[in-house]
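In: I'd like to go over a predicted model; first the sequence, then the structure.
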Amino acid sequence: MTPSVPVRVRIAPSPTGYLHLGTIRTALFNYLFAKKEGGSFVVRIEDTDRERSLPIYEQDILNGLRALGLEWNEGPDIQGDYGPYRQSERIEIYEKYLKKLLDEKKAYWCFCTKEELEEEKKAMLASGLFPKYGGACRHLSQKERDEKRSQGREGVIRLLVPSKTDIKFNDIIRGEISVNSDTIGDIVIARSLTSPLYNFAVVVDDEEMKITHVIRGEDHVTNTPKQMLIAKALGFGEPKYAHLPLLLAPDRSKMSKRKMETSFDEYLKEGYLPEALLNFLVLLGWHPEDERELFSLEDMASYFSLKRVQKSGAVFNVEKLDWFNAQYIKNLPIDVLLERLRDFLPEEWYAEEEKLLKIIVLERGRVKKLSEFEEGMSFFFVPEEFGVDVLRWKDMEMTAVRDNLRLVREALSPVLEKEFTKDFLEELLMPLAQKKGRGEVLWPLRAALSGRKNSPGPFEIMDVLGKKETLARIEHALGMFDQDSMV
């Protein structure tokens with residue numbers, strides 16, 4: 001029996017922009033597959049675009065993946081047996097294989113100008129033909145190539161693609177896909193011996209790094225036949241392919257480039273938790289066997305299977321993302337949540353850590369993002385300015401609002417500071433609320449304390465504020481009434 005080949009997958013981002021959710025989802029699916037199969041997850045930086053590739057983007061990508069817990073086995077910062085792991089450091093490898101193809105007459109130099117190629121394309125379209133390169137430079141002699149260069153034409157390297165050939169592959173997610181080579185033509189694989197293009201470099205890298213499975217977005221399906229042609233010309237084996245569904249907007253249209261390219265860091269700044277983002281993303285295109293929705297990263301790896309990845313597009317619904325984030329905020333250990341909030345709350349609030357923890361416990365069930373905590377909590381630290389009408393429950397007479405607040409003040413005044421707790425205060429005031437009406441007593445009290453129409457309950461607020469501040473806020477509310485108008 002032939003021993004199975006160890007699974008090796010890769011994520012190969014281009015450092016031409018900050019890490020975004022599309023790249024994260026692809027990285028996540030590769031990571032989970034490697035974990036489930038006991039294989040290796042490789043990070044490879046595709047930085048052959050020398051003008052747009054920047055170290056700051058590479059670092060952002062690596063930092064982001066690590067912050068998400070998607071640790072890799074090999075990469076630019078974790079050397080393995082198949083490095084280097086930046087394409088810019090692999091130029092000599094590409095040059096070797098380009099020379100091999102040229103020497104074996106499987107590739108050739110093309111000197112057609114952009115204008116000539118555009119005219120050829122227009123003529124083919126006008127004739128109802130599929131636009132592709134016609135092969136004008138296929139059989140140039142060395143003398144003719146030298147003449148072209150003497151004219152100042154730089155040239156590119158094209159792969160010699162056989163005509164009338166079906167290129168077939170069995171996509172793990174989509175089943176069999178077949179493309180005829182006549183729709184492809186002789187593709188450009190390099191601008192020069194030291195400037196390979198994407199389709200060529202990725203084939204060489206996947207072979208040299210022993211990649212067994214290529215798991216990537218559906219937008220790469222059209223690249224796969226081209227890469228298979230290159231691999232065959234080089235005598236390489238073929239990895240197995242799995243193309244993930246597109247991310248769609250809620251109306252099922254293609255997700256806008258602006259939304260797709262919103263950086264991971266921007267989501268963090270908005271107050272989304274990395275764990276929630278991963279949980280949300282794993283369900284964009286994959287579903288477990290049961291109805292479960294909340295997964296830790298370890299759970300995802302345990303449950304994951306490419307067989308349960310869907311073919312159709314996955315809808316990106318920000319309301320669902322907010323729901324996931326709210327669930328994770330509710331379930332985070334309170335000490336962890338306290339630290340996560342340091343970038344979102346005024347530093348001086350941390351001087352009263354015991355008070356702050358109480359408030360966070362009250363607020364955590366009311367927010368969707370970490371960025372919402374400060375606004376929701378601020379009245380605990382600085383009293384709100386509000387109009388007297390905020391104190392009114394439904395269509396209460398304002399005199400009744402004032403009178404009920406006075407009764408509450410009278411009930412609270414003799415209470416000792418040590419007794420000023422939620423449970424004691426609730427036991428003290430609920431008989432009054434039942435006699436006068438819950439809303440008629442508790443709404444004005446809560447509004448007097450918070451200055452808001454929406455806030456935690458009055459007993460919870462008093463428990464945090466303490467007796468002195470509670471009575472001060474009730475007095476402030478009572479002082480807002482025009483006594484003469486209520487006689």
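Out: Structure's in. What do you need? No experiment lies behind these values; they were computed from the predicted model shown. Residues are numbered from 1 along each chain as shown.
In: where does the stretch 1-150 of the chain have low pLDDT?
Out: Applying pLDDT under 70 to the stretch 1-150 of the chain picks out residues 1-3.
In: Run through the strands of it in chain order.
Out: For the stretch 1-150 of the chain, strands defined by DSSP state E, counting those that start in this stretch occupy the ranges 8-11, 40-43, 107-110.
In: would you turn those into a markdown table with distance to Glu410?
Out: Yep, even glycine has a C-beta here, placed from its N, CA and C like the rest. What follows is the strands of the stretch 1-150 of the chain, written out as a markdown table (distance: least, C-beta to C-beta, whole Å):
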| stretch | distance to Glu410 |
| --- | --- |
| strand 8-11 | 67 |
| strand 40-43 | 67 |
| strand 107-110 | 93 |
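In: nearest to Gly235, of those strands?
Out: strand 107-110 (13.5 Å; C-beta to C-beta).
In: That closest one: which residues count as buried?
Out: For strand 107-110, the buried set under the neighbour-count rule, 16 or more other C-beta atoms under 10 Å, comprises 107-110.
In: Can you list the strands that that strand pairs with?
Out: According to DSSP bridges, strand 107-110 has the following sheet partners: strand 156-159 (antiparallel).
In: continuing past the strand it pairs with, what's the next helix or strand?
Out: Next helix or strand after strand 156-159 toward the C-terminus (DSSP states H and E): strand 166-171.
In: quick check, distance from that following strand to the centre of its chain.
Out: In terms of C-alpha atoms, centre = their mean, to the nearest Å, the centre of strand 166-171 is found 31 Å from the chain centre.
In: neighbouring strands for that strand, and are they parallel or not?
Out: Strand 166-171 pairs in its sheet with strand 175-180 (antiparallel), by DSSP bridges.
In: ok, then the element right after the strand it pairs with?
Out: Per DSSP H and E, strand 175-180 leads on to strand 188-192 as the next helix or strand towards the C-terminus.
In: quick one: buried residues of that next one?
Out: Those buried within strand 188-192 under the rule 16+ other C-beta under 10 Å are 188-190.
In: cool, and stretch 195-209?
Out: For stretch 195-209, by 16+ other C-beta under 10 Å, it's 195-207, 209.
In: do the same with stretch 335-355
Out: 337-338, 340-341, 345, 349.
In: End to end on it, go ahead and measure it.
Out: Length of stretch 335-355, first residue to last, C-alpha to C-alpha, to the nearest Å: 13 Å.
In: and if you look at stretch 278-297?
Out: Note: stretch 278-297 ends 8 Å apart using C-alpha to C-alpha.
In: Quick one: residues in contact with that stretch.
Out: 21, 24-25, 28-29, 32, 68-69, 244-245, 247, 275, 300, 303-304, 308-310, 314-316, 320-321, 324-325, 327-328 (C-beta atoms under 8 Å, 6 or more residues apart in numbering).
In: same thing but 6 Å
Out: 25, 28, 68-69, 244-245, 300, 303, 308-310, 314, 321, 324 (C-beta atoms under 6 Å, 6 or more residues apart in numbering).
In: what's the answer for stretch 5-24, then?
Out: Contact with stretch 5-24 is made by 27, 30, 33-34, 37, 39-47, 49, 52-53, 57-58, 60-61, 64, 210-213, 215, 260-261, 263-264, as judged by C-beta under 6 Å, 6+ apart.
In: Out of these, which end up buried?
Out: 27, 30, 33-34, 37, 39-47, 53, 57-58, 60-61, 64, 211-213, 215, 260, 263-264.
In: Show me which pair in the buried residues of strand 107-110 is furthest apart.
Out: Spanning the widest gap among these are Ala107 and Cys110, at 9.6 Å by C-beta to C-beta.
In: before we move on, the earlier item: Throw the buried residues of strand 188-192 into TSV and include pLDDT and distance to Phe236, thanks.
Out: Listed next are these as TSV, based on pLDDT from 0 to 100; distance: C-beta to C-beta, whole Å:
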residue	pLDDT	distance to Phe236
Val188	96	19
Ile189	97	14
Ala190	96	17
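In: Which one of those is nearest to Val156?
Out: Of all the buried residues of strand 188-192, Val156 sits closest to Val188, with 4.9 Å by C-beta to C-beta.
In: out of the buried ones among the contacts of stretch 5-24, which are inside helices?
Out: Among the buried ones among the contacts of stretch 5-24, the residues falling in helices (DSSP state H) are 27, 30, 33-34, 37, 57-58, 60-61, 64, 260, 264.
In: Need the max-distance pair from those residues.
Out: Glu37 and Tyr57 (29.9 Å).
In: ok, now which ones touch Leu65?
Out: By C-beta under 6 Å, 6+ apart, the contact list for Leu65 reads Ala27.
In: what do you get if the cut-off is 10 Å, keeping everything else the same?
Out: By C-beta atoms under 10 Å, 6 or more residues apart in numbering, the contact set of Leu65 is 11, 13, 19, 23-24, 27-28, 31, 41, 43, 71-72, 75, 264.
In: before we move on, what about Ser40?
Out: Ser40 neighbours (C-beta under 10 Å, 6+ apart): 6-10, 34, 72-74, 80, 82, 209-212.
In: how about 8 Å then?
Out: The contact partners of Ser40, by C-beta under 8 Å, 6+ apart, come to 6-9, 34, 73-74, 80.
In: Can you give me the separation between it and Leu478?
Out: Distance of Ser40 to Leu478, given as C-beta to C-beta, to the nearest Å: 70 Å.
In: Relative to Val221, how far out is Ala233?
Out: 20 Å.
In: Just the element for Ala433, please.
Out: Counting by DSSP H and E, Ala433 is part of helix 422-436.
In: How far does that helix sit from its chain's centre?
Out: Distance of helix 422-436 from the chain centroid (C-alpha atoms, centre = their mean) equals 47 Å.
In: ditto for stretch 131-142
Out: The chain centroid and the centroid of stretch 131-142 are separated by 44 Å under C-alpha atoms, centre = their mean.
In: Show the end-to-end separation of that stretch, please.
Out: Terminal-residue distance, stretch 131-142 (C-alpha to C-alpha): 28 Å.
In: what does stretch 239-249 give?
Out: One end of stretch 239-249 sits 31 Å from the other (C-alpha to C-alpha).
In: average pLDDT for it?
Out: Per-residue pLDDT values across stretch 239-249 average out to 93.
In: Stretch 152-162 now?
Out: On average, the pLDDT along stretch 152-162 is 92.
In: buried ones in stretch 445-460?
Out: For stretch 445-460, by 16+ other C-beta under 10 Å, it's 445-451, 455-460.
In: quick one: which two of the residues you listed are the most distant?
Out: Gly451 and Phe459 (17.2 Å).
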